[in-house]
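Student: Structure, please.
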Amino acid sequence: GSDNSCDGSNFTNSLSAFLIGAEEYSYYGCSHHEAWYIEPDWIIDHPEYHKPLGKPMGKAVLKDNIYTRSFATGTKVSYNTQTNVGTIQWSDGDVSVGIEGSAI
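Tutor: Numbering: from 1, shown residues only. Presented below is the predicted three-dimensional model:
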């Protein structure tokens, strides 16, 4: 459909949800297509893929419908389970915020 989770704020919601639960050997990528297959321009190389995270400082914590998790570089991730909105406060000072109503 037209609601591609790899574009803009939908991407932030999707990446935030992934980072909340990611474990060692977990990998993330977004494709322009519903199926994962290789063709020209099949995956978007988001700048976020190149930001350092470091190891998680622990498992995600759930409080008041919001998961939070911190990483060794100082990056902090949150995901609101009621609004399905994710936020990433990157260690370099950038902040990525998803939009409510976006599919993940």
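Student: Name all residues that make contact with the residue lying closest to residue 88 once chain neighbours are set aside.
Tutor: In space, and not counting its chain neighbours, residue 88 is closest to residue 96: 4.4 Å by Cβ to Cβ, 6 or more residues apart in numbering. Placement of C-beta: from N, CA and C, glycine included. Residue 96 makes contact with 12, 15-16, 48, 86-88, 90, according to Cβ atoms under 8 Å, 6 or more residues apart in numbering.
Student: One more pass at 7 Å, please.
Tutor: Contact analysis of residue 96 by Cβ atoms under 7 Å, 6 or more residues apart in numbering lists 12, 48, 87-88.
Student: swap in residue 92?
Tutor: Residue 92 touches residue 51, counting by Cβ under 7 Å, 6+ apart.
Student: start at 359 instead
Tutor: Sure, I'll start numbering at 359, so the last one becomes residue 450.
Student: Check the gap between it and residue 423 for me.
Tutor: 28 Å (Cβ to Cβ, to the nearest Å).
Student: ditto for residue 448
Tutor: As judged by Cβ to Cβ, residue 448 and residue 423 stand 23 Å apart.
Student: what about those two, which has more around it?
Tutor: Per other Cβ atoms under 10 Å, whichever of residue 448 and residue 423 has more neighbours is residue 448, with 18 against 10.
Student: The more buried one contacts residue 408, correct?
Tutor: No - checked against Cβ atoms under 7 Å, the pair residue 448 and residue 408 is beyond contact range at 11.0 Å.
Student: Give me the helices and strands touching the helix or strand of the chain with the lowest mean pLDDT, please.
Tutor: Within the chain, no helix or strand scores below helix 366-379, which has a mean of 88 by mean pLDDT, DSSP states H and E. Counting contacts by 3 or more Cβ pairs under 7 Å, 6 or more residues apart in numbering; DSSP states H and E, helix 366-379 is packed against strand 424-428, strand 434-438, strand 443-447, strand 453-455.
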